[in-house]
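Asks: Any chance you could fold what I've pasted below:
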Amino acid sequence: MTPTTVPSQVTELSAALSRPKPMRRGSLNERYMKCGQAGCACQQDAQARHGPYYTLTQAAEGRTRSRYLRAEDLPEVRQQIAAGWEFRRQVESYWEACERWADASLESPPAAAEAAEKKGSGRRSRTKSARRSKRS
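Replies: Predicted structure coming up:
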């Protein structure tokens, strides 16, 4: 295989990556929380906390951000997160395939590179040292 011939696996993975689909990073969380009312049972009993509340948690710009979701949105968001993980897996496979392609191009150098191999010269250069002043 020559370096300009794209391996079929690289072509297939590239095509898979080029198909847009809704995806996202992050994780879903289910929370039960205390409210701010002093007389509410949730203040004393963990089983009486309010919820469930669902949040999508994502890392963005060096911070963790969460946003509340409706229960009816959970199946779609789960599918989008799964698509995000699949995309990451495909990107990693693409990198590996491209690296194998690059390695293969190094193992069988093109004829031009072999012809340009350095033959060396018969004359050697001498290193010249700087003259030193007799005054120092």
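Asks: In its sheet, which strands sit next to the lengthiest strand in the chain, and in what direction?
Replies: Ordering each strand of the chain by length in residues (DSSP state E) puts strand 50-60 first. Applying DSSP bridges to the sheet, strand 50-60 is found paired with strand 27-33 (antiparallel), strand 63-69 (antiparallel).
Asks: quick one, helices of this structure?
Replies: When assigned using DSSP state H, the helices of the chain occupy the ranges 8-17, 74-107, 111-115.
Asks: Dump those helices into CSV; add mean neighbour count and mean pLDDT as well.
Replies: Quick note: C-beta positions are derived from backbone N, CA and C, even for glycine. CSV is the format used below for the helices of the chain (neighbours: other CB atoms under 10 Å; pLDDT from 0 to 100):
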stretch, mean neighbour count, mean pLDDT
helix 8-17, 13, 85
helix 74-107, 13, 91
helix 111-115, 7, 54
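Asks: I'd like those laid out as JSON lines, including distance to Arg31.
Replies: Listed next are these as JSON lines, based on distance: least, CB to CB, whole Å:
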{"stretch": "helix 8-17", "distance to Arg31": "35"}
{"stretch": "helix 74-107", "distance to Arg31": "13"}
{"stretch": "helix 111-115", "distance to Arg31": "61"}
